[in-house]
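K.L.:
Here's my sequence, what's the structure:
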Amino acid sequence: MMEKQPNAPSKRSMQAASSFPLAHRFARFLAQHRAFRDLFELTLVGLAFLLYFLVRGSVVDRTGEAFHRAVRIIDLEQKWGFFWELELQALVMGSWALVQVFNLIYFWLDFPLIVVVGLWLYFRHRHQYTITRDAILSSGAIALVIYHLFPVAPPRLLPAFGFVDTMAVFSNVSYQAQSTQPFVNPYAAVPSLHVGWAVLLMLGIMGATRSKGVWFLAALLPVAQLAAIVFTGNHFIFDAIIGLVVSLMGLVIAVMLQRLGYAWVRRWLGHERGAGAQAPAV
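P.N.:
Below is the predicted model:
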């Protein structure tokens, strides 16, 4: 009785390939040509983030609803005993330098850092890159649904309560500038993915290196972002909690894709388990 060759495509994978011949040929082409695979991956992720910011920045007309929810969050935090945002922001308001530091953290250690870490992981640690990418994109998709179903105004739009928009006052950055309006939704405060994505970056970095120094810096990232979102008046602590939950949901989806989705892709491309082949990064 002849043994099945380890790299021979299964009957199921051959049937799947015959159902989508063009897609199958394109996927195999990407798997066999690194340069085109890299270009396709970077283009796909870039378009995904562009779509995320465009959809997130779509106009929201439910202003009253957004402000009502913001006040409700204040009530909930007071009830639960952690409405500390005003006191925390007051700690840095007396120092121009401190305010600028947290303004910079809020801006530069979010999406720009995601790009830098993403490129490093992609070219040096592909497994961690794939998990981190899928977790970020999945949690972003979940967040988009929440933004549109439940618009919430951020603290910076509640000056009557004593909050200050430090980005506008100290750094002259306006979220309502004409050039940024297509990408900004002023009522997308919950969830705060600044904190949630910082946690995902931390996990991706820690999974890619054993350096204790790098681990320490990575562990500081979510802490720094939590402080920044509060000190700049962009989010409540409640927003960060929901952002963490949503991001961990994205991580669960990413792990499921690793265990189920990409295993199916390998079979679809004609590679059996244990053959050493990896699914293309798509």
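K.L.:
how about stretch 196-210: buried residues?
P.N.:
Buried residues in stretch 196-210, defined by neighbour count with 16 or more other Cβ atoms under 10 Å: 196-205, 207-208. To be clear about C-beta, it is placed using only N, CA and C from the backbone, and glycine gets the same treatment.
K.L.:
Mind putting those residues into a markdown table with distance to Leu39, pLDDT and secondary structure?
P.N.:
Listed next are these as a markdown table, based on distance: Cβ to Cβ, whole Å; pLDDT from 0 to 100; DSSP: H, G, I helix; E, B strand; the rest coil:
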| residue | distance to Leu39 | pLDDT | secondary structure |
| --- | --- | --- | --- |
| Gly196 | 29 | 97 | helix |
| Trp197 | 25 | 97 | helix |
| Ala198 | 28 | 98 | helix |
| Val199 | 30 | 98 | helix |
| Leu200 | 25 | 98 | helix |
| Leu201 | 24 | 98 | helix |
| Met202 | 29 | 98 | helix |
| Leu203 | 27 | 97 | helix |
| Gly204 | 22 | 97 | helix |
| Ile205 | 25 | 97 | helix |
| Gly207 | 25 | 96 | helix |
| Ala208 | 23 | 96 | helix |
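K.L.:
a markdown table for the residues you listed, including distance to Gly46?
P.N.:
A markdown table is the format used below for those (distance: Cβ to Cβ, whole Å):
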| residue | distance to Gly46 |
| --- | --- |
| Gly196 | 21 |
| Trp197 | 16 |
| Ala198 | 21 |
| Val199 | 23 |
| Leu200 | 18 |
| Leu201 | 18 |
| Met202 | 23 |
| Leu203 | 23 |
| Gly204 | 18 |
| Ile205 | 21 |
| Gly207 | 23 |
| Ala208 | 21 |
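K.L.:
Could you single out the nearest of those residues to Val164?
P.N.:
Checking the buried residues of stretch 196-210 against Val164 with Cβ to Cβ, the nearest one is Ala198 at 22.7 Å.
K.L.:
any idea how far the closest one is from Thr130?
P.N.:
The gap separating Ala198 from Thr130 is 19 Å, by Cβ to Cβ, to the nearest Å.
K.L.:
Quick check: the two most widely separated of the buried residues of stretch 196-210?
P.N.:
Greatest spatial distance in the buried residues of stretch 196-210: Gly196 and Ala208, 19.2 Å, computed using Cβ to Cβ.
K.L.:
Counting neighbours, what do you get for Val45?
P.N.:
19 (other Cβ atoms under 10 Å).
K.L.:
Does Val164 belong to a helix, a strand or coil?
P.N.:
coil (DSSP: H, G, I helix; E, B strand; the rest coil).
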